[in-house]
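**Q** Predicted coordinates and the sequence they were generated for:
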Amino acid sequence: MARADLLCDLIKYGLSHDDKRFLQTAEAACAEERDKQHTVLADRMEKLIRTASAGTKGWTANAPTIVRAGTGGTQSLFIEKVPERRIDDLVLPDHVRKLCDEVVEEQLRADLLRSYDLEPRHRILLVGVPGNGKTSLAEAIAESLMVPFYTVRYDQLIGSYLGETASRLNQLFEYARTRPCVLFFDEFETLGKERGDIHETGEIKRVVGSLLLQIDALPSYVVVIAATNHDTLLDKAAWRRFQIRVELPQPTRANLSTWLALFERRCSFDFGIEPETIAKRIYGCSFAELEEVALEIYRRYVLQLPGDSTKAITNDVLRLWAKQRKQGAVPDGGDA
């Protein structure tokens, strides 16, 4: 955390509306955090400073995302991304939002818990069909904690030779233990399959056993989040390892409408059609598909500035989406 004198100066210059000195002090605090290797916090501070300096606004999904992938050794086993999705950007059921807030609070107040011989929860399983926000939620938790977001690369992790995958798993977890982070396993059933499956080899069973031991040994400052579309395929012991198990349902019509209204506010943009009407026309899509539709409308709007009707653009994109759905390119939906 930045020095006390820098924090005091930030408060002083902010209250006195001395923008120049406020930005200079903020830049100094950012540089200090970077020197301490707090790269995610420093990147977040730098982005806020740039935004304030330029007077820009918009949706973070339109800004460049910093992604780092190693080229060899342990760092080739995952992709590191500076998290940008925020929990407030997501439309979540109330109980899911409550669980996320609890996890973040426990991690941020871990010292208090440890003073009572308690540890924060740090093993989370997300279940749901593709496109309904599992990856986004994992990234948002990392953003709230201001820690790196590591997505495991199965193409690099799974080896062809006996014992190779278990060895790489060990390397991956050893690296994760070196700092607070969120370690994300998408399509977790790839590794955590039921060991009783008669079609699986002994090697897969050994990998599952190694995986479970590694998860058990993780310190609580490493938040491991696994996502699966097929929870019935998971090994029962793997299922029990997770302290929090969350199912993300298919979005309702009201969920879609809320998401569209949030998009309009973030981008200072109007679809030209009420979000409730769009949600009714596009019902049955996932959040991922909804985002693609919204971005396509916004993209066409920007490219056609200063002319053309936003309503006409929105209708064109929605008609195309409906046509694709009839052709089977996107899933059909029922009543809200």
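**A** Thanks, I have the structure now. Here the structure is a predicted model, which is why all the values come from computation and not from measurement.
**Q** and E139, how far is that from F185?
**A** For E139, the distance to F185 equals 13 Å [CB to CB, to the nearest Å]. Using the backbone N, CA and C atoms, a C-beta is placed for each residue, glycine as well.
**Q** all helices of the protein, in order?
**A** Using DSSP state H, the helices of the chain run over 4-15, 19-35, 39-54, 94-108, 110-115, 134-145, 154-157, 164-176, 202-217, 236-241, 253-267, 275-282, 287-303, 310-326.
**Q** out of those helices, which comes closest to T74?
**A** T74 lies closest to helix 164-176 among the helices of the chain, at 4.6 Å (CB to CB).
**Q** Can you give the contact residues for the closest one?
**A** Helix 164-176 has contacts (CB atoms under 8 Å, 6 or more residues apart in numbering) with 73-75, 77-78, 150, 152, 156-159, 183, 203, 206-207, 210-211, 214, 217-218, 222, 224.
**Q** tell me the contacts of the residue nearest to D316 when sequence neighbours are not counted?
**A** Among residues not flanking D316 along the chain, R300 sits closest, at 7.7 Å (CB to CB, 6 or more residues apart in numbering). By CB under 8 Å, 6+ apart, R300 lies in contact with 313, 316-317.
**Q** Any of the residues you listed buried? List them.
**A** With burial judged by 16 or more other CB atoms under 10 Å, the buried subset of the contacts of R300 is 313, 317.
**Q** Relative to D9, which of the contacts of R300 is nearest.
**A** I313 (46.9 Å).
**Q** Double-check the closest one against L303; I have them as touching.
**A** No - with contact defined as CB atoms under 8 Å, I313 does not reach L303; the gap is 9.7 Å.
**Q** What about the nearest residue to E33 once chain neighbours are set aside, how many residues nearby?
**A** Spatial nearest neighbour of E33, excluding adjacent residues (CB to CB, 6+ apart): A42 at 4.3 Å. For A42, the neighbour count with other CB atoms under 10 Å is 20.
**Q** Got the confidence number for the residue nearest to D316?
**A** Here the pLDDT value assigned to R300 is 94.
**Q** Ok, which of the helices of the chain comes nearest I124?
**A** Nearest to I124 among the helices of the chain is helix 94-108 (6.9 Å), distances taken as CB to CB.
**Q** what's that closest one in contact with?
**A** With CB under 8 Å, 6+ apart as the test, helix 94-108 has contacts from 87, 92, 113, 120-122, 124, 137, 140-141, 144-145, 220-221, 223, 244, 246, 248.
**Q** List the buried residues for stretch 268-285?
**A** In stretch 268-285, counting by 16+ other CB under 10 Å, buried: 269, 271, 273, 275, 278-279, 282-285.
**Q** same thing with stretch 304-311?
**A** T310.
**Q** likewise stretch 175-189?
**A** By 16+ other CB under 10 Å, the buried positions in stretch 175-189 come out as 175-176, 180-189.
**Q** what does stretch 146-160 give?
**A** Quick answer for stretch 146-160 (16+ other CB under 10 Å): 146-153, 156-157.
**Q** Give me the below-cutoff pLDDT ranges for the stretch 101-250 of the chain.
**A** Applying pLDDT under 70 to the stretch 101-250 of the chain picks out residues 192-203.
**Q** Closest to the centroid, which residue in the chain?
**A** E139 (1.9 Å; CA atoms, centre = their mean).
**Q** pretty sure that one is touching I87, no?
**A** No - using CB under 8 Å, E139 makes no contact with I87, being 9.8 Å away.
**Q** right, and P275 touches A261 too?
**A** Yes - with contact defined as CB under 8 Å, P275 reaches A261; the gap is 4.8 Å.
**Q** got the domain boundaries for the chain?
**A** 4-56, 67-247, 253-326 (automatic domain parsing).
**Q** Against M45, how distant is R3?
**A** Taking CB to CB, one finds R3 at 14 Å from M45.
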